[in-house]
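1. Pasting the sequence and the predicted model now:
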Amino acid sequence: MRKQGSGIVYLVGGGPGDPGLITIRGLECLKQADVVVHDRLVNRFLLRFAPSAEWIDVGKQPNHHPVPQGQINDLLVEKALEGKVVVRLKGGDPFVFGRGGEEAEALAEHRLPFEIVPGITSAIAAPAYAGIPITHRGQSCSAVIITGHRADNCNDDPTENWRRAAQGADTLVYLMGVLNLPQIVQQAIEAGREPGTPAAIIQRGSTPAQKTIVGTLETIVELADGIRPPAIIIIGEVIKNREKIRWFDLPQNRPLLGLKVLNTRPIFDIGEQDSNSSFGLDEFSHLLITKGAEPIELPVYRLSPACFPEQFPPNSRGLPSGNSALPFDWIFFTHPAAVFALLESLIQAGCDVRMLTGVKLAAVGEHTKKALLQKGLIADFVFSSTNLEEVTEASTHFQGSRILLPEYNSSSRLMSGLTAPGIDIIPIPLYHAHPMELDEDLISELKPGKIDVAAFFSPEDFVATMDLLNHRDLANILPAVTIACADNGTVQFVEKAGFKPEIIAESADVNAMVEAICRWREH
């Protein structure tokens, strides 16, 4: 417990939108935060780095500031005086039109400790993601970043500022100026810029929803009709480089650019699930982002370990003590979580992987197979799905076998498919599935027309999603989207509910699902 007055405030730049662009120092601050005071444009994926912190949204929108800056300053002071570690998380950089200087002044006046953690401003990141360097040899040896609107307490004429800036630098970058675009263009021309000077607008730069409009001072106002904040305006010869060095929004690089995909995969509190994903993202979400899609995460349940000492002691259900081999012929893993739960349960019981000696391992799906490999174990048999026909056909391989089935649901579909004579299945609930509540901030995203594809990796995911949506009167979402299923077993459940999946992956693997969505998008 920190003493009264021993708190600290970190003014952290969260970057322009791509969660991978936050600094390592910024992540370190988030991980130790008691309170996170964040802006509207901060990427939601960053929230997972401070799951136990109090999150306070003070985001501003154009011409609408629900929490005035003075109140934000007071809030930072109040939380720091309570002895809290406070992260003021801002989009871009705190000191580039982020009001970070004012917040630092307020903290300094109260003699509270603070640290400035710079971030990548959209003024350089958005052009870079559009293939536009704001300086370039032979084209631009200077660049200026200009506010595109006037603060309420500013007595300066913004048009005069725009005119002076247009005369003093080769490249002009305007932040928060979309609503004043006609006046900005007019002042640039009056300052001596030719009407044919290249101009561009980048909306939601560095995110899957990035949109770049290129024209000239003479045409950009008309071309940008429909562009809404957040967006930046660029004026200068450097825009011509986009034709050569455009990279982020090329269809061949990101075939799913702009596609919004509902990700219903559960949250894991077990083991090393998704250890290969980037920046703490769910692995499916990470792959979607690399292909240009925008994942909308709706984890319908959370998988967590059961009480191992009570549910799986070494001397129960015929299990030996010590590290002697388990009395089974096979262990069936239907999910990566089952792999980590079983191995962790052995450790909890004072045992280790030596108990698996002589026991064969079966995995459902490539993802579960990979989870075994992470632990140095190779599956002896791999089901591509839990489709009952496939399971029944393969059941002859296990005739006369005693099978351990670690799971969270004793009514597993595998049990009804294994029909060969002499099969003895011992289910052990080693992990729990806890239903999730809908994040209130997410509800605005869950509207018809805002989601393109809904992806389901198992019947359990689909059923839990339907229950969650029905509970919040949001069932009208799914009829308006394209449904993607990981395997035929999931397809059967979806079709019984009255839906027709248009995308079917070859297996319950995140890579296979992304590949299937890409094939669908191509056609």
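-> On my side now, so go ahead.
2. where does the closest residue to Gly365 other than its chain neighbours land in three-state SS?
-> With sequence-adjacent residues excluded and distances taken as C-beta to C-beta, 6 or more residues apart in numbering, Gly365 is closest to Ala508, at 3.8 Å. C-beta here means a position set from N, CA and C on the backbone, and glycine is covered the same way. Classification of Ala508 by DSSP: H, G, I helix; E, B strand; the rest coil places it in coil.
3. which ones are touching Ala508?
-> With contact set as C-beta atoms under 8 Å, 6 or more residues apart in numbering, Ala508 has these partners: Val364, Gly365, Glu366, His367, Ser384, Ser385, Thr386, Phe457, Ser458, Ala486, Asp487, Thr490.
4. Next, give me the two most distant ones among those.
-> Glu366 and Thr490 (15.1 Å; C-beta to C-beta).
5. Looking at those two, which one has more neighbours?
-> The neighbour count for Glu366 versus Thr490, taken as other C-beta atoms under 10 Å, is higher for Thr490 (27 against 18).
6. Could you measure from the more buried one over to Thr264?
-> 11 Å (C-beta to C-beta, to the nearest Å).
7. got it, and Pro133?
-> In this structure, Pro133 and Thr264 are 40 Å apart, going by C-beta to C-beta.
8. what about these two, which has more around it?
-> Counting neighbours by other C-beta under 10 Å for Pro133 and for Thr264 shows that Thr264 has the greater number, 22 against 18.
9. that older thread, now the residue nearest to Gly365: how far from Tyr10?
-> Per C-beta to C-beta, Ala508 is found 41 Å from Tyr10.
10. ditto for Arg519
-> Taking C-beta to C-beta as the measure, Arg519 and Tyr10 are separated by 44 Å.
11. ok, these two, which is more surrounded?
-> With neighbours defined as other C-beta under 10 Å, Arg519 and Tyr10 compare such that Tyr10 has more, 23 against 12.
12. So what's the residue count around the closest residue to that one other than its chain neighbours?
-> Of all residues beyond its chain neighbours, the one nearest Tyr10 is Cys29 (4.1 Å), with distances taken as C-beta to C-beta, 6+ apart. The local packing count at Cys29 equals 25, with neighbours defined by other C-beta under 10 Å.
13. Name the helix or strand for Cys29, please.
-> Assigned by DSSP states H and E, Cys29 belongs to helix 24-31.
14. tell me the average confidence for that helix?
-> Mean pLDDT, taken over the full extent of helix 24-31, equals 96.
15. What average pLDDT does the helix or strand just after that helix get?
-> The first helix or strand that comes after helix 24-31 along the chain, using DSSP H and E, is strand 35-38. Average pLDDT, strand 35-38: 96.
16. just stretch 258-267 next, same as before
-> In this model, stretch 258-267 has an average pLDDT of 90.
17. in that stretch, what counts as buried?
-> Residues of stretch 258-267 classed as buried by neighbour count (16 or more other C-beta atoms under 10 Å): Leu259, Lys260, Val261, Leu262, Asn263, Thr264, Arg265, Pro266, Ile267.
18. would a markdown table of these with distance to Ala128 and secondary structure be doable?
-> Putting these into a markdown table (distance: C-beta to C-beta, whole Å; DSSP: H, G, I helix; E, B strand; the rest coil) gives the following:
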| residue | distance to Ala128 | secondary structure |
| --- | --- | --- |
| Leu259 | 23 | coil |
| Lys260 | 24 | strand |
| Val261 | 25 | strand |
| Leu262 | 30 | strand |
| Asn263 | 27 | strand |
| Thr264 | 33 | coil |
| Arg265 | 31 | coil |
| Pro266 | 35 | coil |
| Ile267 | 33 | strand |
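19. Would you format these as CSV with distance to Lys79 included?
-> Conversion of the buried residues of stretch 258-267 to CSV gives the following (distance: C-beta to C-beta, whole Å):
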residue, distance to Lys79
Leu259, 39
Lys260, 34
Val261, 36
Leu262, 34
Asn263, 32
Thr264, 35
Arg265, 34
Pro266, 32
Ile267, 27
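20. Name the nearest of those relative to Val85.
-> Within the buried residues of stretch 258-267, the smallest distance to Val85 is 24.2 Å, found for Ile267 (C-beta to C-beta).
21. That closest one and Glu297 touch, don't they?
-> No. Shown here, Ile267 and Glu297 do not form a contact pair, counting by C-beta atoms under 8 Å, at 9.0 Å.
22. Pull up the overlap in contacts between Thr490 and Thr264.
-> Taking C-beta under 8 Å, 6+ apart as the contact rule, the neighbours common to Thr490 and Thr264 are Phe456, Phe457, Asp461, Phe462.
23. what's near enough to touch the third one?
-> The neighbourhood of Asp461, defined by C-beta under 8 Å, 6+ apart, consists of Thr264, Arg265, Pro266, Val300, Thr490.
24. Kindly confirm my reading that it is in a helix.
-> Yes. Assessed by three-state DSSP, Asp461 belongs to a helix.
25. What's the first helix or strand after the helix or strand bottoming out on mean pLDDT in the chain?
-> Least confident helix or strand, the chain: helix 308-311 with a mean of 44, by mean pLDDT, DSSP states H and E. Downstream of helix 308-311, the first helix or strand assigned by DSSP H and E is strand 330-333.
26. That following strand pairs with which strands, parallel or anti?
-> According to DSSP bridges, the neighbouring strands of strand 330-333, each with its direction, are strand 360-364 (parallel), strand 402-407 (parallel).
27. got CSV for those strands, with mean pLDDT and mean neighbour count too?
-> Supplementary listing: these in CSV, determined by pLDDT from 0 to 100; neighbours: other C-beta atoms under 10 Å:
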stretch, mean pLDDT, mean neighbour count
strand 360-364, 89, 23
strand 402-407, 85, 22
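28. Export those as a markdown table, with columns for distance to Gln210.
-> Conversion of the strands paired with strand 330-333 to a markdown table gives the following (distance: least, C-beta to C-beta, whole Å):
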| stretch | distance to Gln210 |
| --- | --- |
| strand 360-364 | 37 |
| strand 402-407 | 42 |
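29. So for Ser285, which of the ones you listed sits nearest?
-> When the strands paired with strand 330-333 are compared by C-beta to C-beta, strand 360-364 sits nearest Ser285, at 21.9 Å.
30. contacting residues around the helix or strand following the closest one?
-> Toward the C-terminal end, the helix or strand that comes next after strand 360-364 (DSSP H and E) is helix 366-374. Contact with helix 366-374 is made by 271-273, 275, 333-336, 338-340, 361, 363, 378-379, 382, 507-512, as judged by C-beta under 8 Å, 6+ apart.
31. Ile378 against Lys360, yeah?
-> No. Ile378 sits out of contact with Lys360 when judged by C-beta under 8 Å, with a separation of 10.2 Å.
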